[in-house]
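Chemist: let me see the structure of the following:
(3 chains)
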Amino acid sequence: MGRVIGKPTPLIDAVQKVTGKAMYTDDFKFPNMVYVGLHRSPHAHAKIMSIDTSVAAAHPGIKAVITGKDIPIAFGVLPISPDETAMAVDKVRYVGEIVAAVAGETPEAARAGADLIRVSYKPIKNFITPDESLVECSEDEKIHQHTKNSKNIHKIADLSFNDPKDGIASSSFTRSVDFKFAGVTHAFTEPHSTIAVWNGDESLLVITATQVPHYLHRTLSKVLDIPLHKIQVKKPALGGGFGGKSDPFPHEMIASKLAILTNRPVKCTLTREEVFLTNHGRHPTEMTMSVGCDVAGKITALDTDIVIDGGAYGSFGVVTSYYNGVLLQGPYKIDRFGFITRRVYTNKPQSGAMRGHGAVNPRYAVEVVLDMLAHDVGMDPCDFRQQNFLSENTKTVGELRITSNGIRECLETVRRKSGWDDRYGKLPNGHGLGVACGFFISGSALPIIWNRYPQTVVHAKLDFDGRIVMFSGASDIGQGSDTMLVQIAAEELGISMSRVQVEVADTKLTPVDLGSYSSRVTFMVGNAAKQAVDKIRHQIAASVGNEKSVPREAIQFADERVFTDDGKLNLTWDEAVDIAMAGRGAFVESGFYISPKLGGKFKGSGAGLSPAYSFGAFIAEVKVDPMTGQVSVIKVWSAHDCGKALNPLSVEGQIEGSIHMGLGQVVSEDMRYHNGRLLNANFWDYRIPMTLDTPEMDVTIIESNDGEGPYGAKEAGEGPIHPVLPAIGNAIYDAVGIRMTELPITPDKVLTELRKGGQQ
Amino acid sequence: MQKVKLHINGFTRTLLVNAHETLLDTLRERLNLTGTKRGCDQGSCGSCTVLLDGTPVLSCITPTIRCDGRKILTIEGIGVNGHLHPVQERLASDGGLQCGFCTPGVVMTAVPFLQENPDATDDDIKEALSGNLCRCTGYKKIIEAVRHAAEDLRHG
Amino acid sequence: MSTSSYFLPGTIDEAVSLAKAHPNDHVFYAGGTDIQLHVKQRLIKPNTIIDLTAIESLKSVSIQKKNMKLGTMVTLDQIVKNPDIQKFYPILAEAAKSIATPVIRKSATLGGNLKVSNRCSFYNQSFDWRQSVGSCLKDTGDICQVTGGLNHCYSRNVSDLVPALIALNARIMVQTSTGINEMPLIDLYVPDGLIVHTPLGVGGIITEIFTSDEPSKWWFKKLRLRKSLDFTSLTVAATVNKKDVLRVCVNGVSMAPVLVETGINDVTLEGLILQVKRACKTVDNDYMPLKYRREMISAFITDCWNTFH
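Modeler: Coordinates of the predicted model:
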């Protein structure tokens, strides 16, 4: 075997995409379709006194008008915090929150209708910054009634092992540094879009740009009070997600409700500004990172105090709160370890999950602090890291089970390729190198919605015509999971990829998958797919073996033939399929994946558990202009341990995309607010690096061959973003001797630090 | 409203448009040419690039009324007789796309660019694509793919 | 639904008479890249659009060493790529190349860039956004939101070509219904964010820009975060001609471009910086912070000075 797995493989939908034929949600049209217009709040925090929809309803072309009271059932992607409704019911909690919606005959009519809705508000105290939310206020001013102690704290997550504070106090070297991170957002290129159709049999079809059809399926059933089996959620081609299309969204519920009310197909496509207001991006974060080490540079303890700004609603925030802390347990061995994260509500668009979920900001902080400690001890930062790495097949202090681990090889690789030993600390002023490492989960071992189901099920169908169809609920969001399904089937059955097709991300046709987030798909869906296809192979072998009187164990599958090595059996694929069809016709086999039972017995032990972890080490080279303070990232060397690259082309693509996205957060991207109003809700002012801003990239894939991953594979989609940011931050130190502790590192901040003199 | 004649992908269409309708709306909403993508609708991402008399323009900020009597080429009109253009071929084979949403705009920018600059270097390609926002690839494989396409075109 | 009229005149005279016939509600449409952004955000809703695309005489380029004449419908892309401009007026090619993106530059024109709208982080926002803050002076409101209530608009002139052209001592030809006038380009700009441009007279249209200045030294720099797409946060263009006249033009930090013209030996660096900073009314209405932009004015001028000396 080894025919397609491990080979650079173009995406199966690549030709559709380069010809403009791939159908994204907004590309679909239905006969007699109406369009949604949304009326949004101009206030950050205000009571809704009254809503007058009469003028809007009477406007030509308006078919229906709804407000919060029409869909009042609360939801939240985490069942433990259902704090949001499709539209604001009694009060609004951020500028841009949806208050009412109309369905209009044309997009223009819908827009005009939405503008004609009149809402009377009574503004109440705004909580724009985390500091404002951490102090007591009067009970009726709170953003959400369920928060405790008259404060706007959504969640406190904390864990502590072996008295880390004492550990730090008794360390030979300690550093305790404050960091601040602006919020950033996914900025996928395809705006959110949904089409809802109310069928004649009172069932609902929702075509939507989602990473997680399953959660939307469940949420629609809940908020619309329609049985699960009457709802079909389908994801067509999807223009990027990065976590930003993981939650069930208000516009999806609104379009569905309007489809039911008007009995007509409804389309709702958000403008780019609305996409920014929908947000769910990375939490703005403030933290104090404290780490100690001994004279030999061995890390003795880590303790961190974190505040994350959740915005107006919960989203994945409880998970984010834990990930900020627990994912500091690697890739270094730290025995005395603790964190506390407080997630606060503020009157801004909500934060949620974004690539590298929860762990990106603390990773920046810890890698910068480790760099400082290395200098304090007088060690090379690579040597310092190398001697502190976790080994393979071990457990962290919080009982995360580490299996395969290629971190050492990752660091050795980038160190060698970048010429680190000859260049670090020796480049001219204004020019520097920096190093950082990271690790990330390959899927969460525990599902969000607790049940005894597997985390994914894949069906594989063999049909009389020799085709294999893979049925999976996993969402290809551009990362290439559909291609992976085809590769696995072709690999296992020794057939060409062109014989394999997919039916995916359709809650009517495909078994439940928990969605494309937390880097779970390759590991979990890959394993399930392999299992399903293996069963097909066994079935064919059984039928052929029986009919041709050869032992089924001796039957091989390769090059579109089914044969035995001794030459006694030599069938084409079609001949073998024909035998397998006899007496039963097309059949389906099922594979599934359930994570092994992992983790400790303490409260909070479930956070960060994963069947496998990816690892990585990056080195960045930067130049800093002393006149303007502008940072140019020239080159990034990256080495990422993804276990086994099922499709190296895609793995490289994920690493390169991570470098680009990490670069954006570290040098130019931020969500800027003026009294709670987003100032840069467009691509002119939300500054994503373009071609000329993006550095040269050197990518190395390290394969540690995980024992439980499919063919040894682990994740590659999120892990590679973590080391990017601190590698750049540390390179700035090497270049000009300043420690940048506030992101994004814009030129004005660099200049301010340069003026202070640097060399901390 | 004014009557305009548009020569789109080799076929002539006559439509009534007002002064503010954009070419992007005309293509997507009225002519069902949905290969041209609406990424930002404000001239800042390049996803909606089409060719107007052979020159790339952002269709989201081009009023249709200005296109009267002119030739428009969209992604649907690229490639001949069912064959992909080398730029399309290479973007597909070399990993020059992931989610694919920016891809039609990249194709419509790179194709006329290579026509004018058959010997383009990587730096030239980077400059040429500096208005095409891609959030997935980090641009590396896009630039490589366009360079490979240039080589393919040179060697016929 | 819009009821705007659209005209496509074939000659300048025709364009001028159309403008004269619609005195209060016409816009000249050149590349349209800036106007369209404003239409989308409901900042303007032109009733009469006079499209200049078909006027061939506005597209001429004539460069004879010392004398450059450019029609206002010449695109930025043509300016970037013209070998004579690259040779004799490289500052102009560099300024053009710093604008927007290569594809936008194929539509955007010289004339459009001369008359690019002033920008402000409180004005260039969506209709809903502006409504939510209570609108501003430049929009439909009564006060400036940036300064917290002043009755003056500090929106920024963001043209990158204009400072380069002013540093080249460029002049413009204006055709109106009463004739053809000539004026220095700098006189086109009014340091008031509401007025922005000097009224050109009935039906007035800028037809041509020309210069016969031949700089012996030039300097150009644009402050921005990304190497493409970004509007300027500060653009400085400067030349020294054969008579040792230094012309420094600063844009992006005030309502209009600021010019200092002096003999290069008649001024100190400190004096020059002071003159520029005094003339700039910079407020916190850009992506980059106010203090930083003011510091960069000094830094850019210093760098320029050092290059020239």
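Chemist: what residues are up against whichever residue of the stretch 201-350 of chain A sits closest to chain C?
Modeler: Going by C-beta to the nearest C-beta, chain C is nearest to residue A:273 of the stretch 201-350 of chain A, at 5.3 Å. The C-beta positions use only the backbone N, C-alpha and C, and glycine is treated the same way. The contact partners of residue A:273, by C-beta atoms under 8 Å, 6 or more residues apart in numbering or on different chains, come to A:681, A:682, C:126, C:128, C:129.
Chemist: what does residue A:421 give?
Modeler: Residue A:421 touches A:380, A:415, counting by C-beta under 8 Å, 6+ apart.
Chemist: and the helix or strand harbouring it, which residues are buried?
Modeler: In the assignment (DSSP states H and E), residue A:421 maps to helix A:420-423. Going by neighbour count (16 or more other C-beta atoms under 10 Å in any protein chain shown), the buried part of helix A:420-423 is residue A:420.
Chemist: how far is that helix from where the chain is centred?
Modeler: 35 Å (C-alpha atoms, centre = their mean, to the nearest Å).
Chemist: using PDB, write out every CA atom in it.
Modeler: The C-alpha coordinates for helix A:420-423 follow below in PDB (Å, rounded to 0.1, in the frame of the first residue of the first chain):
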ATOM      1  CA  TRP A 420      20.700  29.700  14.400                       C
ATOM      2  CA  ASP A 421      24.000  28.800  16.100                       C
ATOM      3  CA  ASP A 422      26.000  31.000  13.800                       C
ATOM      4  CA  ARG A 423      23.500  33.900  13.700                       C
END
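Chemist: which of the three states applies to the residue of the stretch 201-350 of chain A closest to chain C?
Modeler: Here residue A:273 is recorded as helix under DSSP: H, G, I helix; E, B strand; the rest coil.
Chemist: what pLDDT does it get?
Modeler: Listed pLDDT for residue A:273 reads 98.
Chemist: same check on residue C:214?
Modeler: So, for residue C:214, pLDDT stands at 84.
Chemist: once you drop chain neighbours, what's closest to it?
Modeler: Closest residue to residue C:214 apart from its sequence neighbours, by C-beta to C-beta, 6 or more residues apart in numbering or on different chains: residue C:66 at 5.3 Å.
Chemist: hmm, residue C:141 and residue C:135 touching each other?
Modeler: Yes - counting by C-beta atoms under 8 Å, residue C:141 is a contact partner of residue C:135 at 3.4 Å.
Chemist: can you pull out the low-pLDDT segments for the stretch 151-300 of chain C?
Modeler: The stretch 151-300 of chain C contains no residues with pLDDT under 70.
Chemist: number of nearby residues for the residue in it that chain B sits nearest to?
Modeler: Closest approach between the stretch 151-300 of chain C and chain B, counting by C-beta to the nearest C-beta: residue C:228, at 3.7 Å. By other C-beta atoms under 10 Å in any protein chain shown, 23 other residues sit near residue C:228.
Chemist: how about it, nearest residue that isn't a chain neighbour?
Modeler: According to C-beta to C-beta, 6+ apart, the nearest residue to residue C:228 is residue B:130 (3.7 Å).
Chemist: repeat for residue C:300
Modeler: In space, residue C:300 is closest to residue C:236, 4.3 Å off (C-beta to C-beta, 6+ apart).
Chemist: and the one you found, how far from residue A:437?
Modeler: Between residue C:236 and residue A:437 the computed distance is 42 Å (C-beta to C-beta, to the nearest Å).
Chemist: ditto for residue A:430
Modeler: On the measure of C-beta to C-beta, residue A:430 and residue A:437 end up 25 Å apart.
Chemist: out of these two, which sits in the more crowded spot?
Modeler: Legend: neighbour count by other C-beta under 10 Å for residue A:430 and residue A:437, higher for residue A:437 (29 against 12).
Chemist: need phi/psi at the more buried one.
Modeler: phi -120, psi 180 (degrees, to the nearest 10).
Chemist: who's in contact with the residue of chain B found nearest chain C?
Modeler: The nearest approach of chain B to chain C comes at residue B:131, 2.7 Å away (C-beta to the nearest C-beta). Applying C-beta under 8 Å, 6+ apart to residue B:131 gives the contacts A:690, B:46, B:109, C:100, C:101, C:102, C:103, C:104, C:228, C:229.
Chemist: also residue C:227?
Modeler: Residue C:227 touches A:690, A:692, A:693, B:130, counting by C-beta under 8 Å, 6+ apart.
Chemist: can you read off the pLDDT for the residue lying closest to residue B:143 once chain neighbours are set aside?
Modeler: Take residue B:143 and drop its neighbours on the chain: the residue closest to it by C-beta to C-beta, 6+ apart is residue B:125, 5.1 Å away. Residue B:125 is assigned 98 on the pLDDT scale.
Chemist: residue B:125 touches residue B:146, doesn't it?
Modeler: Yes - look at residue B:125 against residue B:146 with C-beta under 8 Å: they come within range, at 4.9 Å.
Chemist: shared neighbours of those two, anything?
Modeler: B:110, B:113.
Chemist: higher neighbour count, the two?
Modeler: residue B:146 (30 against 24).
Chemist: name the element that one belongs to?
Modeler: Using DSSP H and E, residue B:146 falls in helix B:140-154.
Chemist: quick one: the helices in the stretch 151-300 of chain C?
Modeler: Per DSSP state H, counting those that start in this stretch, the stretch 151-300 of chain C carries helices over the ranges C:161-167, C:269-279, C:290-308.
Chemist: which of those helices sits most buried?
Modeler: Most buried of those by mean neighbour count (mean count of other C-beta atoms under 10 Å in any protein chain shown) is helix C:161-167; its value is a mean of 29.
Chemist: quick check, central residue of chain B?
Modeler: residue B:108 (2.3 Å; C-alpha atoms, centre = their mean).
Chemist: need the contact list for the residue lying closest to that residue once chain neighbours are set aside.
Modeler: Spatial nearest neighbour of residue B:108, excluding adjacent residues (C-beta to C-beta, 6+ apart): residue B:49 at 4.2 Å. If a contact means C-beta under 8 Å, 6+ apart, then residue B:49 has B:36, B:56, B:57, B:58, B:59, B:104, B:105, B:108, B:109, B:132, C:103 as its contacts.
Chemist: which non-adjacent residue is nearest residue A:32?
Modeler: For residue A:32, the closest residue by C-beta to C-beta, 6+ apart turns out to be residue A:264, at 5.3 Å.
Chemist: whoops, residue B:111 was the one
Modeler: Ranked by C-beta to C-beta, 6+ apart and with sequence neighbours excluded, the top spatial neighbour of residue B:111 is residue B:87, at 5.3 Å.
Chemist: do the same with residue A:182
Modeler: Among residues not flanking residue A:182 along the chain, residue A:670 sits closest, at 3.5 Å (C-beta to C-beta, 6+ apart).
Chemist: what about that neighbour, how many residues nearby?
Modeler: Neighbour number of residue A:670 under other C-beta under 10 Å is 21.
Chemist: what does residue A:173 give?
Modeler: Counted with other C-beta under 10 Å, residue A:173 comes out at 18.
Chemist: can you give me the pLDDT of it?
Modeler: pLDDT, residue A:173: 98.
Chemist: surely the residue nearest to the centre of chain B is within a strand?
Modeler: No - read with three-state DSSP, residue B:108 is helix and lies in no strand.
Chemist: contact partners for it?
Modeler: So residue B:108 contacts B:36, B:49, B:50, B:51, B:56, B:73, B:74, B:75, B:78 (C-beta under 8 Å, 6+ apart).
Chemist: can you put those residues in a markdown table and add pLDDT and secondary structure?
Modeler: Converted to a markdown table, those look like this (pLDDT from 0 to 100; DSSP: H, G, I helix; E, B strand; the rest coil):
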| residue | pLDDT | secondary structure |
| --- | --- | --- |
| B:36 | 98 | coil |
| B:49 | 98 | strand |
| B:50 | 98 | strand |
| B:51 | 98 | strand |
| B:56 | 98 | strand |
| B:73 | 98 | strand |
| B:74 | 98 | coil |
| B:75 | 98 | helix |
| B:78 | 96 | coil |
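Chemist: between these, which is nearest chain A?
Modeler: Taking the contacts of residue B:108 together and measuring to chain A by C-beta to the nearest C-beta, the closest member is residue B:75, at 3.5 Å.
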